[in-house]
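Engineer: from the sequence below, what's the structure:
(chains A and B)
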Amino acid sequence: MKDLSVNHLLGIKDLTEDDIHLIFETADSFKKIINRPIKKVPTLRDITIANLFFENSTRTRLSFELAEKRLSADVVNFSAASSSVKKGETLIDTVNNILAMKVDLVVMRHPNPGAHLFLSKHIDAQIINAGDGTHEHPTQALLDSYSIREKLGTVSGKKVVIVGDIKHSRVALSNIYALQKQGAEVMVCGPATLIPKYIKELGVKVEYDLKKALAWCDVANMLRIQLERQEIKYFPSIREYTLQYGLTKEILDSLEKEIVVMHPGPINRGVEITSDVADSEQAIILNQVENGVAIRMAVIYLLASKIGRD
Amino acid sequence: MEPSVILTQEQFELTINRLCFQLIENHNDFENSAIIGLQPRGIYLANRLQKTLQKLTGISPLTGALDITFYRDDFRRKSHPLVPSVTNLDFSIENKRIILVDDVLFTGRTVRAGMEAVMGFGRPTEIELMAFIDRRFSRNLPIEPNYIGKSIDSLATERVEVKWKETENEDKVILYNTDERP
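Structural biologist: Alright, predicted model coming up:
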């Protein structure tokens, strides 16, 4: 019988291709449910989930919270700004205190890469990574692939370019793993200063010219410049970045084929993508958001079904 | 012990026909009624009823398939995740008379989940229940069918299997011990 090969969702790197397909098939069912008049099922009524956000988030937290509520789980929310973390408590202590209140599953975002792996070795609860620093953001990559699958029928054999701040992007790394596991070709594109030096080791193509990259691809995933993670200046100005790597309607129309445009949000309109592109027929940005809830429901459902099993 | 045959092909067909006539008595022209088969195996009964009613009356009632996976009460009590099947209800159930159909009625738990799943789509006027095989005296919940193909007495260790021409190449109902699956 089908089952996930992992007990936690720490990163896409740990998943198998079968895991990804199982998550997608389960998400298909949930997508139908969230489009019904009554969007809720009682499956997880005896499960309690803690959303621990040690870093700001709007979309991901809302998406997880909605997914949990649509599955009828009990939800507690926690954000670092208003917590004892500020008073000097360690991560393990914080989480163990929350688990002492009988929480079954933890959804966590943390600024430190590997925080989830560390936690998974020390606590007794299922953990879902909602982003760990510049490392991974697995549910985002799953919903991105799911959206490509929905739009183009399959991910296998498709050419996907990820444009922008690859160096600081957990979305980029998770997407590279997810797309490659499903047989897609991946290219990264951006200023040389924002492309990690050894990224080719992952088997991705590197291109510094946006037009060439777009001419090659079927799907362009436009990332936001993460100024909050940049301790030094990686390019002269936002204006210059926009001129070189901003996606405009003119560039899109100049291509020989119609490509799919994605963005993990939040969008900086007029920086990495112009408004007319973001709102165009080719953009599936809002589909990504809708699919995010279905994907997160599927991940939570499949992991929660392991709770209490030997 | 050999599995015992509960319904032969001939009896099978007679039973389906009788159930159809009972439905016609209660639902006339099915104008405001719909048959919903519970996944995975109730859908064969639903489709067969639809086909037979079409033959008998010329009317083809609305028929759908309902998956109840996310409404079950044994989540996390199985050794693997419950994998959902397809729900296919391309009509509104609002103010309809719903006939919920399943092949075997045993503890009643599936039907309980089925009723909740139906309510997830709206508010039907009423829900009736049809069981092709009713395993009497084995209910965990106060649920009784309105239409019964055949009532049988069986042990908890026994299993009833309804075979369908569409999938198993024969119409037949058998009863066997779980450790002697044919």
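
Engineer: what does the stretch 201-310 of chain A put close to chain B?
Structural biologist: A:301-302, A:304-309 (CB under 8 Å from any CB of the partner chain). (Glycine included, C-beta is placed from N, CA and C.)

Engineer: top of the residues you listed by neighbour count?
Structural biologist: residue A:301 (27 neighbours; other CB atoms under 10 Å in any protein chain shown).

Engineer: that residue contacts residue B:81, correct?
Structural biologist: Yes: using CB atoms under 8 Å, residue A:301 is in contact with residue B:81, at 7.3 Å.

Engineer: angles on the backbone of residue A:20, please.
Structural biologist: phi -60, psi -40 (degrees, to the nearest 10).

Engineer: residue boundaries of the strands in chain A?
Structural biologist: Assigned strands in chain A, in chain order: A:48-53, A:74-79, A:105-110, A:126-132, A:159-163, A:185-189, A:205-207, A:219-222, A:260-262 (criterion: DSSP state E).

Engineer: count of neighbours near residue 148?
Structural biologist: Looking at chain A here, since you left the chain open. 26.

Engineer: wait, chain B
Structural biologist: Neighbour tally, residue B:148, other CB under 10 Å: 19.

Engineer: how about the strands of chain A in JSON lines, adding mean pLDDT?
Structural biologist: Shown next, in JSON lines, are these (pLDDT from 0 to 100):
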{"stretch": "strand A:48-53", "mean pLDDT": "94"}
{"stretch": "strand A:74-79", "mean pLDDT": "90"}
{"stretch": "strand A:105-110", "mean pLDDT": "94"}
{"stretch": "strand A:126-132", "mean pLDDT": "95"}
{"stretch": "strand A:159-163", "mean pLDDT": "97"}
{"stretch": "strand A:185-189", "mean pLDDT": "97"}
{"stretch": "strand A:205-207", "mean pLDDT": "96"}
{"stretch": "strand A:219-222", "mean pLDDT": "97"}
{"stretch": "strand A:260-262", "mean pLDDT": "97"}
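
Engineer: okay, the ones you listed, which one's buried deepest?
Structural biologist: strand A:219-222 (a mean of 26; mean count of other CB atoms under 10 Å in any protein chain shown).

Engineer: and the closest residue to chain B within the stretch 151-300 of chain A, what does it touch?
Structural biologist: Proximity to chain B, evaluated over the stretch 151-300 of chain A using CB to the nearest CB, is greatest for residue A:297 at 9.5 Å. Residue A:297 sits next to A:26-27, A:30, A:33-34, A:67, A:70-71 when contact means CB atoms under 8 Å, 6 or more residues apart in numbering or on different chains.

Engineer: domain parsing for chain A?
Structural biologist: A:12-137+A:291-304, A:138-289 (automatic domain parsing).

Engineer: any idea how far apart the tips of the first one sit?
Structural biologist: Looking back up the chat, that one is domain A:12-137+A:291-304. Distance across domain A:12-137+A:291-304, first residue to last, is 18 Å (CA to CA, to the nearest Å).

Engineer: same check on stretch A:180-187?
Structural biologist: Stretch A:180-187: ends 11 Å apart by CA to CA.

Engineer: can you classify residue B:30 as helix, strand or coil?
Structural biologist: coil (DSSP: H, G, I helix; E, B strand; the rest coil).

Engineer: these two touch, right, it and residue B:59?
Structural biologist: Yes: the criterion here is CB under 8 Å, and residue B:30 meets it with residue B:59 at 5.6 Å.

Engineer: these two: which has the busier surroundings?
Structural biologist: Legend: neighbour count by other CB under 10 Å for residue B:30 and residue B:59, higher for residue B:30 (21 against 14).

Engineer: which residue, other than its chain neighbours, is closest to the more buried one?
Structural biologist: residue B:61 (3.8 Å; CB to CB, 6 or more residues apart in numbering or on different chains).

Engineer: residues contacting the one you found?
Structural biologist: B:27, B:30, B:33-35, B:49-50, B:53.

Engineer: quick check: of the residues you listed, which lies closest to residue A:92?
Structural biologist: Closest approach between the contacts of residue B:61 and residue A:92, by CB to CB: residue B:34, at 54.7 Å.
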